[in-house]
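Visitor: the following comprises the amino acid sequence and a computationally predicted model.
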Amino acid sequence: MVFHPLTGNNECPPRFNNPFYYEPHSLCLTAVEQLKAELSAATSTPFGREIAAGKMFGVLIVERDNGEMGYLQAYSGQICGRSDWPDYVPAIFDYLQPNGYFKTHEQQISAINDEIKRIESSQEYRQLQQDLATTQAEAQDRISAQRSLMEQSKKQRDQLRQSGKGFDETALIRESQFQKAELRRIKLQYADKEQHIIDGIGRFESNIQKLKTKRHQRSDALQRWLFEHFSLLNARGETRNLLDIFAPTISKIPPSGSGECCEPRLLQYAYEHHMHPLQMAMFWWGASPKQELRRHGQFYPACNGKCKPILNWMLQGLDVEPNPLDADNHNELRTIDVGEHYVVVNKPAGMLSVPGKSKRESVASILRERYPKADGPMMVHRLDMATSGLLIATLDMPTYIYLQRLFATHRIRKRYVAILNGEIEVPTEGTIALPLAPDIMDRPRQKADHEHGKRAITRYHIIERKNGKTRIALFPETGRTHQLRVHCAHPEGLNCPILGDELYGKKADRMYLHAEEIEIAPDEVSPWGAMKWICKADF
């Protein structure tokens, strides 16, 4: 049964929650607890063993035409290769039918892969590659030996000429000419031999390249076919496929797996069966991925990479709560200090440092209005939108360049204060070194990446452990995106997210991270000397 009734006195919420910023409604909490009980009971089954490795689940509170209230449940992707498990909404477009169009063409692409592997592993192709390596080594040895002989012979001829004793100059010249000719013969001999082998390898590689081109064309065509058949409804009853939905975005093409997350599945099923969506919540079940930060049982907002364009379409026609992160708070930008060449402000949580894709106000745009005669980029550094605290802006280009140099040479020191969502058992002081890289499928999230990530180092000092929370001072030695947030939350860091960090922890009334101090170290060419600003956190 896909529709699960909710018993008791259920009050219908007035507006649909915003899937990118929400606190789970009590109805969602009830539905999630029932779903979690089912998942816990399936631990020993193949289903349970696979989801233990990590899977996103979601619930959607709906109302039927007859007024009956209940919920739908879904998971992202497949479980045990299936997207049609009983009691869960099915895939929007089931392309996994064994003899269907997608599987048939996927098998054809797999056959091309197998043919490429067969050619690359064939005895003749490998033998030619080995022959080429052997011939090139032999050529190098023969050429090196001939050159050594020529150098030794030249020394002997030079010594004869310098001795003044009787010698035949014509014979010496003839010897030199013969040795040079012999070097050319060796080079030509091996060049011809190498070219013959390369021609043989080329015939194989030409065939491999043709197969790869064919594979690429078929993969693109199959992907396009798949995206065209993902037809998504909105609350108005309008339909649009994935290609049309993503066409106005920067990527233009939907990322792989688009339309397979639980949020669009839930909405699609509700629309198709004339159910009115009321509330939604998504939670993670099982182990955290190695690079991403997902915690068992915790609620998460919808992802930006795959889901945002889709949900922006599917939610049209519903009365959806606004995202408070999109609200302007112009009057909350407080000036801490202003000089002839600079201004220091206290950025509130929720305000952008610089303009983004939206038309929301930012510190930069506000300061442009306040200081219309300022030139240059103004913003020397940035804070995450959810982070509050001190920011320095410049009012002229020379000062901007000067401060940029100080940041680049680590002569500007910053101190942050944060409240972690737990009392952590770690040394009072320490250093976290965890390289970071962007999660391209869910920007602006970052992930730990020891292979491709950039160096990121944070020093910390525990201020207080009290009432289930930890107050901590953080001193970043590098300036990576979300560095402090990931270093606090990641198991290889402090393994305790910042309170209110909805990306890497749990949502609260705000994220409790504040840039409390900025200090400029003395500099031999400083126009000001050492300077320090302090703006204590209000939490």
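Guide: Good, I have the coordinates. Predicted model only: the values in this text are computed from it and were never measured.
Visitor: helices of the stretch 401-539 of the chain, start to end?
Guide: Applying DSSP state H, counting those that start in this stretch to the stretch 401-539 of the chain gives helices spanning 483-489.
Visitor: which stretches of it have low pLDDT?
Guide: Within the stretch 401-539 of the chain, the ranges that satisfy pLDDT under 70 run 522-529.
Visitor: where along it do the strands fall?
Guide: Residue ranges of the strands in the stretch 401-539 of the chain, as given by DSSP state E, counting those that start in this stretch, are 412-420, 429-433, 436-438, 446-448, 457-466, 469-476, 513-520, 531-534.
Visitor: mean neighbour count for the ones you listed - can I get that in CSV?
Guide: In short, each C-beta sits where N, CA and C put it, glycine included. Converted to CSV, the strands of the stretch 401-539 of the chain look like this (neighbours: other C-beta atoms under 10 Å):
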stretch, mean neighbour count
strand 412-420, 22
strand 429-433, 14
strand 436-438, 19
strand 446-448, 23
strand 457-466, 16
strand 469-476, 20
strand 513-520, 22
strand 531-534, 14
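Visitor: what helix or strand is residue 141 located in?
Guide: Per DSSP states H and E: residue 141 is located in helix 123-163.
Visitor: middle-most residue in the protein, spatially?
Guide: Taking C-alpha atoms, centre = their mean, the centroid of the chain lies closest to residue 439, which sits 1.0 Å from it.
Visitor: got the contact list for it?
Guide: By C-beta atoms under 8 Å, 6 or more residues apart in numbering, the contact list for residue 439 reads 291, 292, 445, 446, 447.
Visitor: gap between the residue sitting furthest away from the middle of the chain and residue 158?
Guide: Distance from the C-alpha centroid of the chain, by C-alpha atoms, centre = their mean, peaks at residue 166 (79.6 Å). Separation of residue 166 from residue 158 (C-beta to C-beta, to the nearest Å): 16 Å.
Visitor: which residue comes closest to residue 433 once chain neighbours are left out?
Guide: The shortest distance from residue 433 to any non-neighbouring residue, by C-beta to C-beta, 6 or more residues apart in numbering, is to residue 457 (5.1 Å).
Visitor: where's stretch 252-265 relative to the chain centroid, distance-wise?
Guide: A distance of 16 Å separates the centroid of the chain from that of stretch 252-265, by C-alpha atoms, centre = their mean, to the nearest Å.
Visitor: and it, end to end?
Guide: Terminal residues of stretch 252-265 lie 22 Å apart, using C-alpha to C-alpha, to the nearest Å.
Visitor: and for stretch 460-473?
Guide: Using C-alpha to C-alpha, the end-to-end distance of stretch 460-473 comes to 6 Å.
Visitor: one step back: nearest approach to residue 188 belongs to which of the strands of the stretch 401-539 of the chain?
Guide: Comparing the strands of the stretch 401-539 of the chain against residue 188 with C-beta to C-beta, the closest turns out to be strand 436-438 (50.5 Å).
Visitor: which strands and helices lie in contact with the closest one?
Guide: Other elements packing on strand 436-438 under the criterion 3 or more C-beta pairs under 8 Å, 6 or more residues apart in numbering; DSSP states H and E are strand 446-448.
Visitor: what is the strand it packs on packed up against?
Guide: strand 436-438, helix 483-489.
Visitor: sorry, back to before: ramachandran angles for the residue farthest from the centre of the chain?
Guide: Main-chain torsions, residue 166, degrees, to the nearest 10: phi -60, psi 130.
Visitor: mean neighbour count, the helices and strands packed on strand 446-448: which tops it?
Guide: Comparing these by mean neighbour count (mean count of other C-beta atoms under 10 Å), helix 483-489 ranks first with a mean of 25.
Visitor: would you mind writing the CA trace of it as PDB?
Guide: Coordinates of each C-alpha in helix 483-489 appear next as PDB, following Å, rounded to 0.1, in the frame of the first residue of the first chain:
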ATOM      1  CA  GLN A 483      36.400  25.100   6.000                       C
ATOM      2  CA  LEU A 484      35.400  25.600   9.600                       C
ATOM      3  CA  ARG A 485      32.000  24.000   9.200                       C
ATOM      4  CA  VAL A 486      33.400  20.800   7.600                       C
ATOM      5  CA  HIS A 487      36.400  20.600  10.000                       C
ATOM      6  CA  CYS A 488      34.000  20.700  12.900                       C
ATOM      7  CA  ALA A 489      31.400  18.200  11.500                       C
END
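Visitor: ok, the residue farthest from the centre of the chain - contacts?
Guide: Counted by C-beta under 8 Å, 6+ apart, residue 166 has zero contacts.
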